[in-house]
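**Q** predicted model follows, preceded by the sequence.
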Amino acid sequence: MKKRILISTGGSGGHVIPAIAFYDHLKEKFDVFFTLDQRGSKFLEKKKYNIKFIPAPRLTLNLIKLPLNFAMLFVSIIISIFFLKRKKIDILIGTGGYMSVPICIAAKILNVKIYLFEPNMVLGRANKFLIKFSSKLFCYSKKITNLPSKEENKLVVIDKILRKEIYNFSDYNKDKIEDKINLLIVGGSQGAKIFDENLKNSILRLSKKYKLFVYHQVSSLDLKNLEYFYNNNEIEHKLFNFEENIFQYIKESNLAITRAGASTLSELAFLRVPFIAVPYKYATDNHQLENAMNYKKNGCCWVLEEKEFNEDKLTTLLSNIIENKEDYLNKKNNLEKISYENTWNNINEKIISFINEN
C-alpha cells in the first residue's frame, strides 16, 4: 500500500513553488495531497492537484488581534486534525511559513511523521518553532543560521529542488554577452516596486551604449507605465507577470537583476545566468541578504543592497560587468560548478529513497 503524503504550503511563491516540485517528485510513488491557503492558490493550477484549503492566521504580537488569531489557530488545528484522519496521512511535509503551523501541530497531536523544508540560509520563524516536532529538515546547506544546535542532527541536505519543466531548458545556448545583452529583471512573487521605478534611467543609459533586450517581470499596476517607457525609448523588451512560465525568459537571458528569494536564485543558478542580487531589506531575519551572500561567497553573483541601490551605482556596476568579460565568465563557470549534479533523477532518487527508508 502506498504511503499517503500531505504537502502543506501557501503564502508566497517562495513557499508554493518548492511544494509543487516536491509534489512532482513524489506523485508517481505515493498518494500525495496539498493543503493550501487562499493567498497561495494563485501560484498553481488548482485542477492539477488534490487540494484542501485550510485557513491559517498570521500570528502577530498585536495585543488587539491576539485573541482572534489564537481562536482562528484553534479552528485551523481542528480542521487539520479531521483532514489528516480522513485522508489517513502517513507523512506531512511542511514548506515553512505561518500556514504550516496549524497542520503541523495537528500532525504532532496525531503522531503523523513531520518533515520540514527550508530553502533559505536562515531558518524561518515558523520552521524554527516547528522543528522540535519534526523528524527531519530538508535544506540546501548545513550552514543555516538560527538553527538550534540540538536540532542539527535533523538536517538532510539536498540539491536545489526545482520545478520539472526547468530541466527542459538546461542545454539552451545563450547569446554571448558581447553580442547582445539580454537582461532579465525579476522581482519574485511579491513584486519589486523599486525595480519598476528606479531601473529606468540605468536601462536607458545602457541602451545608448549596447544592444539591449529586456525581459521585465512586472505587476499589472505598472504595466502601462513600463510599456510606455520601453516603447517611447525604442528599447526591445518583453513584459511578463509572475504567473507566466519564467523559464522561457531565463533561458534567453545572459544577465539578471533580481530579488534574492531562494527559488528565484536556484533557477537562475541552474540555468547559469549570472545575476545582480538586490535583497529585499524587509525580508524576515534578513534571509534574502543571507541567500545572496551565500552565492557571492561562491563567486556566482554581485550583491547590491537596497540601501545602496541608486541609478549611478547600478549603471556603473552593469557597465563594469559588460566590459569585464573575465569576471562575468568566472561567475558563469562557478554557477555551472554548483549546479552540475542537480538533475531531476538525482534529486528524485534521494527524496524517494529517504522517505521509503524512514
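**A** Looks like it arrived, so ask away. Computed from a predicted structure; not experimentally measured.

**Q** how about residue 238, nearest residue that isn't a chain neighbour?
**A** Spatially, and ignoring its direct neighbours in sequence, residue 238 is nearest to residue 215 (5.1 Å; CB to CB, 6 or more residues apart in numbering). Heads up, the C-betas are built off the backbone N, CA and C, glycines and all.

**Q** so the one you found sits right up against residue 248, yeah?
**A** No - counting by CB atoms under 8 Å, residue 215 does not reach residue 248; the two are 9.1 Å apart.

**Q** out of the two, which sits in the more crowded spot?
**A** Using other CB atoms under 10 Å as the criterion, residue 215 and residue 248 rank with residue 215 on top: 21 against 15.

**Q** OK, contacts around the more buried one?
**A** Listed by CB atoms under 8 Å, 6 or more residues apart in numbering, the contact set of residue 215 reads 182-185, 237-238, 240, 249, 252-253.

**Q** give me that answer again for 7 Å
**A** 184-185, 238, 240, 249, 253 (CB atoms under 7 Å, 6 or more residues apart in numbering).

**Q** do the same with residue 31
**A** Applying CB under 7 Å, 6+ apart, the residues contacting residue 31 are 2, 4.

**Q** could we number from 712 for the rest of this?
**A** Yes, from this point I'll number from 712; that puts the last item at residue 742.

**Q** for the stretch 762-911 of the chain, which spans come out with low pLDDT?
**A** Across the stretch 762-911 of the chain, the ranges flagged by pLDDT under 70 are 770-774, 883, 886, 899-903.

**Q** now residue 868: phi and psi?
**A** phi -80, psi 130 (degrees, to the nearest 10).

**Q** so it touches residue 855, yeah?
**A** No - if you go by CB atoms under 7 Å, residue 868 and residue 855 don't touch, sitting 9.8 Å apart.

**Q** the two - which one has more neighbours?
**A** Taking other CB under 10 Å, residue 868 and residue 855 do not tie; residue 855 has more neighbours (21 against 13).

**Q** that one reaches residue 834, doesn't it?
**A** Yes - the pair formed by residue 855 and residue 834 meets the contact definition of CB under 7 Å, at 5.2 Å.

**Q** one step back: could the contacts of residue 926 be laid out in CSV, adding secondary structure?
**A** CSV is the format used below for the contacts of residue 926 (DSSP: H, G, I helix; E, B strand; the rest coil):
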residue, secondary structure
895, strand
896, strand
949, strand
951, strand
960, helix
964, coil
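
**Q** list just the nearest of these to residue 887.
**A** The nearest member of the contacts of residue 926 to residue 887, counting by CB to CB, is residue 964 at 12.7 Å.

**Q** and the nearest residue to the closest one once chain neighbours are set aside, how many neighbours does it have?
**A** Nearest non-adjacent residue to residue 964, counting by CB to CB, 6+ apart: residue 895, 3.7 Å away. The number of residues packed near residue 895 is 24, by other CB under 10 Å.
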